[in-house]
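Student: Here is a sequence with its predicted model. Questions after.
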Amino acid sequence: MTNDMKNISLVIFCSNAFRSNAFLPSALVSALLLISASGCSKSEPAAPQPASVPAKAATISINPATAGSVSGVVSFKGAVPKMATLDMSADPGCPPKPQPSEAALVKNGKLANVFVYVKAGLPAGSFAIPAEPVVLTQHGCRYQPRVLGVMVGQQFKVTNTDTADHNIHNMPHGNPEWNESQMPTDPPIVKMFAKPEMQMILQCNQHPWMRAYLNIMTHPYYAVSAEDGTFQIANLPPGDYTIAAVHEKFGEQTIQVKVGAKEIAKAAFTFAPQ
Ligand SMILES: [Cu+2]
């Protein structure tokens with residue numbers, strides 16, 4: 001029996017979790033099933049774990065000769081919410097002076113930390129999963145970055161560069177929940193997600209002000225607005241798209257854009273106090 005045949009037989013006995021998931025493209029499901037199968041039978045020799053789902057799982061190739069992009073800025077109009085001050089001084093491993101909250105970062109009328117993504121319009125199929133992990137760092141007793149995205153099946157790595165102990169705890173709506181402490185000398189915590197999910201909250205049980213928002217995507221077409229409100233979503237096949245922008249306090253907005261071949265389509269969002 002070849003290794004592939006063994007994996008297939010293991011899938012039949014071991015894994016039901018991914019088969020019925022309508023969100024997942026079939027090729028990606030196959031890759032996830034193989035990963036799942038390799039760890040579910042003690043009688044089988046341990047297969048080497050791939051660093052990520054191999055690129056061959058992708059069924060959609062983007063033609064660089066026609067790919068376009070969406071570029072824009074997120075503005076904020078109205079009274080800027082007052083930033084709370086965070087007192088971290090109870091933990092000697094955290095900054096001793098009061099720190100500003102990051103819940104609403106407005107500068108010169110532009111809003112940062114808005115997750116902008118393609119909500120509809122992409123061709124059916126699966127997209128290549130980056131081999132590099134998405135990294136969330138605990139630094140200065142904050143999550144850096146506060147808002148981020150990762151693809152289904154991509155590695156998500158959590159590191160601790162502080163002298164403080166942290167405890168990362170996710171609040172999922174469909175993926176498994178975990179709650180793990182991480183000492184300063186501990187190796188990175190590495191996770192992978194099987195289901196798409198928006199705005200999954202990550203928090204620290206040691207430091208209640210620590211919070212991050214993780215968006216688990218089936219495609220790579222997303223960005224987070226920078227301090228000046230700008231964002232860019234590149235390498236898009238030409239088409240008509242619904243672009244959404246979501247902020248932890250100010251909700252979600254959508255707009256329609258048309259991306260022509262080699263074109264940079266403009267997109268603008270304006271949020272206001274709620
Ligand atoms: Cu912490």
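Tutor: That came through, no problem.
Student: Would you check how far apart the residue minimising distance to the centre of the chain and Thr85 are?
Tutor: Residue closest to the average C-alpha location in the chain (CA atoms, centre = their mean): Gly149, at 2.0 Å. Separation of Gly149 from Thr85 (CB to CB, to the nearest Å): 29 Å. Where you see a C-beta, it was placed from the backbone N, CA and C, and this is true even at glycine.
Student: What of Cys204?
Tutor: Taken as CB to CB, the span from Cys204 to Thr85 is 18 Å.
Student: So which of the two has more stuff around it?
Tutor: Counted by other CB atoms under 10 Å, Cys204 and Thr85 do not tie: Cys204 has more neighbours, with 22 against 10.
Student: The more buried one against Met210, yeah?
Tutor: Yes - counting by CB atoms under 8 Å, Met210 is a contact partner of Cys204 at 3.7 Å.
Student: before we move on, back to that, please list all residues in contact with the residue nearest to the centre of the chain.
Tutor: For Gly149, the contacting residues are 115, 117, 134, 214-217, 222, 224, by CB atoms under 8 Å, 6 or more residues apart in numbering.
Student: Of these, grab the buried ones for ChimeraX.
Tutor: To isolate the buried members of these in ChimeraX, using 16 or more other CB atoms under 10 Å:
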select :115,117,134,214,215,216,217,222,224
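Student: Select from the contacts of Gly149 every entry located in strands.
Tutor: Among the contacts of Gly149, DSSP state E puts 115, 117, 134, 214-217, 222, 224 in strands.
Student: Quick one: low-confidence residue ranges for the protein.
Tutor: Residues of the chain meeting the criterion pLDDT under 70: 1-58.
Student: can you give me the helices in it?
Tutor: Taking DSSP state H, the helices of the chain run over residues 3-14, 26-38.
Student: in stretch 103-118, what counts as buried?
Tutor: By neighbour count on 16+ other CB under 10 Å, the buried set for stretch 103-118 is 104-106, 110-118.
Student: so who does Glu227 touch?
Tutor: By CB under 8 Å, 6+ apart, the contact set of Glu227 is 105, 107, 110, 112.
Student: Which strand residues bridge the third one?
Tutor: If I follow you right, that is Lys110. Judged by DSSP bridges, the bridge partners of Lys110 are Ser75, Lys107.
Student: mind listing what it touches?
Tutor: Taking CB under 8 Å, 6+ apart, one finds 73-76, 225, 227-230 in contact with Lys110.
Student: and the stretch 101-250 of the chain, which residues reach the ion?
Tutor: Residues of the stretch 101-250 of the chain lying near the ion by CB under 5 Å from the ion: 166, 204, 206-207, 210.
Student: distance between the ends of stretch 153-163?
Tutor: Stretch 153-163 has an end-to-end distance of 31 Å (CA to CA, to the nearest Å).
Student: who touches it?
Tutor: Outside stretch 153-163, the residues within contact range by CB under 8 Å, 6+ apart are 28, 31-32, 51-53, 57, 92-94, 129-130, 133-141, 150, 166, 168, 182-184, 186, 188-194, 214.
Student: List the buried residues in it.
Tutor: 153-160, 162.
Student: same thing with stretch 115-128?
Tutor: Residues of stretch 115-128 classed as buried under the neighbour-count rule (16+ other CB under 10 Å) are 115-119, 121-122, 126-128.
Student: chain center to it: distance?
Tutor: 14 Å (CA atoms, centre = their mean, to the nearest Å).
Student: now stretch 199-218
Tutor: With CA atoms, centre = their mean, you get 11 Å for stretch 199-218.
Student: buried sites along it?
Tutor: Taking 16+ other CB under 10 Å as the criterion, stretch 199-218 shows 199-200, 202-204, 206-207, 209-218 as buried.
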